[in-house]
Structure formats: structure tokens, C-alpha cells
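K.L.:
Structural data only, the sequence is not supplied:
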């Protein structure tokens with residue numbers, strides 16, 4: 001069955017697919033710039049200038065935002081500072097008016113790198129280069145905390161209303177996984193939270209990192225376990241700027257090895273290094289050849305009946321899959337088929353009402369602490385948030 005949609009406003013022409021717009025726009029930009037002699041700065045030029053020009057947003061907590069003092073903080077600004085420091089220069093922030101400008105500023109040579117929750121996609125890799133991923137997330141589902149007894153997983157969204165922006169990745173994913181879900185469309189992501197709280201929708205879908213952040217501040221909201229898709233953030237550099245790309249990857253590699261990256265991310269969000277290959281050793285493997293349209297979550301759904309178990313497949317194929325959400329057609333994957341592999345990322349079994357203290361309360365308190373340390377809330381707000389969280393768990 002097709003998903004039933006709530007339509008609002010007058011009828012409009014069907015918008016072009018976002019990837020089509022992206023390729024059209026990014027094909028035209030280089031043509032407009034070809035006559036001005038713009039070139040990416042070399043590593044030596046960056047060092048000589050004393051600054052690393054970084055394209056970034058300032059309004060997307062906990063990834064990139066302004067704290068109460070007006071300072072740019074979050075995972076991406078801290079990473080930008082670490083990268084600049086490794087180069088022996090200072091960061092120079094080039095604030096982006098919106099996410100759609102991330103590719104354009106690189107193509108126009110207005111920045112050296114873009115560090116701005118920059119999802120690595122096949123379309124973008126056609127026109128720019130990406131570092132190795134430094135952060136892994138994916139689309140997840142948020143519900144009202146009081147509905148946990150009746151919505152325990154994405155399959156329970158059948159017959160329920162999900163709020164999303166029209167044409168979004170979230171809408172397409174839920175339509176595919178839960179054909180009987182309805183939709184309440186809004187014009188912006190921020191409006192989805194209001195639609196959920198008001199009862200106009202039963203759930204919303206967004207990147208888990210953002211939902212976890214929102215839930216940490218709002219005990220009335222709850223994020224379901226697991227991610228329904230794979231999404232990874234990378235540092236964008238100009239196409240063909242291999243020296244800078246190599247240097248960025250070297251810095252990231254060193255930060256991962258010494259634990260600095262984990263500590264940096266842990267200040268603002270739950271740090272999930274991903275399932276390591278060792279966690280799935282000992283099981284039998286099935287060979288699978290990637291087909292057009294395949295994603296790790298779709299393959300996980302096919303083999304395990306659960307798209308949230310895609311980290312199993314990613315862990316088993318780290319040597320051949322560079323980016324979790326970019327699979328090349330014809331690539332042969334190893335699919336762990338043992339019960340041990342499935343158990344490696346099995347969702348936490350929680351009671352119908354109230355989360356487990358170990359996986360729920362502890363995690364929420366840690367997120368609250370991250371908000372306080374990140375300067376997003378003051379000490380008084382932090383203490384009030386802790387009390388509210390404790391009260392909620394005691395009541396449940």
C-alpha cells in the first residue's frame with residue numbers, strides 16, 4: 001500500500017529530486033568560476049597565511065552553535081580548531097547561511113575546508129572530496145515519552161502519523177519501511193517537535209544526534225533505539241586537493257588513535273565508535289553482491305529483518321566499504337549470518353513503561369552534563385534538568 005499523505009495548501013508542481021538540483025547547481029558553479037583563475041590554496045599557502053578558512057554553520061546544536069557567551073562551540077568547531085592547531089595556524093570561520101552552501105563555497109574557493117555536519121553522499125563525491133568519516137549517525141525515530149508502551153520500534157508506526165518535511169530523506173525512508181504510515185508535513189525541521197508535542201503527529205524522524213540532543217533537554221520526548229539508516233560526516237575539501245586531503249586524514253587518524261576525537265565528540269554527544277570487526281568474529285559469512293539502490297540498512301532488513309542492524313555488515317566490510325552510506329554496485333560484501341553477529345547490536349530490551357536505568361537514565365544524565373559543559377545551559381538549568389530526569393524515571 002502507498003503511504004497516505006496529509007496535503008496542505010495549494011497544489012504545486014512536483015519538485016525535482018534533491019540530488020538532481022545538487023548536480024545541476026554544482027555543474028554550473030565551476031563554469032561560472034572558470035574564468036577568474038580561482039584555485040584551492042596549497043598547504044604551504046595555508047601555513048604562510050596563518051589561517052585555515054573553515055566553512056561552518058552556527059545554528060545546529062550539538063554539532064555547531066553559539067554558546068551563551070556567543071562563542072562558536074560544538075563538535076565541528078572543536079574539530080576545526082584541532083585541525084588548525086595541527087597546521088600551526090588559527091581557524092578563520094566562514095559562516096554559512098544554510099547547508100546548501102557547503103559545496104558552493106568549496107567550489108568557489110572561499111574556504112579551505114568545510115566542517116559542518118557534512119554528510120558524505122555519492123552525489124557530493126562527484127564534485128568535491130571528503131576526508132575519512134569522523135562521526136557516524138543515521139535517521140532515528142522520536143516519540144512522546146508517554147507513548148513508549150505502544151511505539152517500541154519503527155514497525156509500530158503503521159497507522160500512526162509521522163511528521164516530516166515534504167520530500168525529505170526521512171519521509172522517503174518511512175514510506176519505504178512502513179507503507180501504512182501517515183504524514184503530517186511541515187515546512188521546517190524545527191516545526192516537527194511542535195507537531196509531535198501537540199499531538200498532530202505520533203513520531204518524527206531526524207538524525208539521531210539531533211534527536212538525542214533534543215531529548216536530553218525534554219524529558220517528555222524519547223528516542224527509539226538504533227538508526228534506520230547510515231549517515232557519516234566528513235570534512236569537505238576541494239576536488240583534487242590531495243595534499244590537504246591527506247593531511248586532514250592524517251590528523252583525524254592521529255586523533256582517533258590517541259582518543260582525542262572520542263573525547264571531543266563526547267563533550268557534546270553520545271560517542272559511538274561503531275561496531276568493531278572483532279565483535280562479529282566467529283560466525284559464518286554469506287556472500288552478497290551490491291545491487292542498484294542498495295544501502296546497508298536495506299541489506300540488513302533483507303538478512304536480519306531489521307534495518308537498524310546495518311552496523312553488523314559495515315563492521316564485517318571495513319576493508320572494502322570506505323563510507324557507510326556509499327555502496328558501489330557490484331561490490332561483494334560479507335554478510336555475517338550467525339546469531340552471535342546479530343546479538344552484537346541487538347536493541348536493548350526495555351520494559352513497556354520506563355527505560356532501564358543503565359541504558360536510559362545514565363545516558364540522559366550524561367547528555368545533560370554535556371549540555372552544561374558545552375555552555376548551552378547554565379548551572380541552575382543543569383540542576384533543574386537533572387531533577388526532572390530523576391523525577392521522570394522515579395515515576396515510571
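P.N.:
Right, received. Where do you want to start? All of these numbers come straight from a predicted model, not from anything done at the bench.
K.L.:
who's in contact with the closest residue to residue 323 other than its chain neighbours?
P.N.:
Nearest non-adjacent residue to residue 323, counting by C-beta to C-beta, 6 or more residues apart in numbering: residue 120, 4.9 Å away. Every residue, glycine included, has its C-beta placed from N, CA and C. Residues near residue 120 by C-beta atoms under 8 Å, 6 or more residues apart in numbering: 130, 133, 232, 233, 234, 323, 325, 326.
K.L.:
which residues sit in contact with residue 173?
P.N.:
Shown in contact with residue 173 (C-beta under 8 Å, 6+ apart): 139, 205, 228, 229.
K.L.:
Just say helix, strand or coil for it.
P.N.:
With DSSP: H, G, I helix; E, B strand; the rest coil as the basis, residue 173 sits in helix.
K.L.:
The closest residue to residue 332 other than its chain neighbours and residue 50: what is the separation?
P.N.:
Closest residue to residue 332 apart from its sequence neighbours, by C-beta to C-beta, 6+ apart: residue 289 at 5.4 Å. Residue 289 sits 50 Å away from residue 50, going by C-beta to C-beta, to the nearest Å.
K.L.:
what's the answer for residue 106, then?
P.N.:
Taking C-beta to C-beta, one finds residue 106 at 21 Å from residue 50.
K.L.:
repeat for residue 205
P.N.:
Relative to residue 50, and taking C-beta to C-beta, residue 205 is found at 43 Å.
K.L.:
ranges for the strands of the stretch 51-200 of the chain?
P.N.:
With strands called from DSSP state E, counting those that start in this stretch, the stretch 51-200 of the chain shows them at 51-56, 59-60, 64-66, 72-73, 90-95, 113-114, 128-130, 135-137, 139-144, 161-165, 182-186.
K.L.:
Tell me which of these approaches residue 383 most closely.
P.N.:
With respect to residue 383, and counting by C-beta to C-beta, the nearest of the strands of the stretch 51-200 of the chain is strand 72-73 at 20.8 Å.
K.L.:
Residues contacting the closest one, please?
P.N.:
Here strand 72-73 makes contact (C-beta under 8 Å, 6+ apart) with 56, 58, 64, 65, 66, 67, 93, 268, 374, 375.
K.L.:
Correct me if wrong: the second one contacts residue 64.
P.N.:
Yes. Checked against C-beta atoms under 8 Å, the pair residue 58 and residue 64 is within contact range at 6.1 Å.
K.L.:
Looking at residue 106 and residue 50, which one has more neighbours?
P.N.:
Counting neighbours by other C-beta atoms under 10 Å for residue 106 and for residue 50 shows that residue 106 has the greater number, 27 against 12.
K.L.:
Make sure that one is actually in contact with residue 241.
P.N.:
No. Counting by C-beta under 8 Å, residue 106 stays clear of residue 241, with 9.3 Å between them.
K.L.:
how near is the spatially most central residue of the chain to residue 231?
P.N.:
In the chain, the C-alpha nearest the mean C-alpha coordinate belongs to residue 137, at 3.9 Å (C-alpha atoms, centre = their mean). Plainly put, residue 137 is 5 Å away from residue 231 if you go by C-beta to C-beta.
K.L.:
Now do the shared contacts for these two.
P.N.:
Counting by C-beta under 8 Å, 6+ apart, the contacts common to residue 137 and residue 231 are residue 207.
K.L.:
got a list of what residue 291 touches?
P.N.:
Applying C-beta under 8 Å, 6+ apart, we find residue 291 in contact with residue 329.
K.L.:
try the one 3 residues further on
P.N.:
With C-beta under 8 Å, 6+ apart as the criterion, the residues that contact residue 294 are 327, 329.
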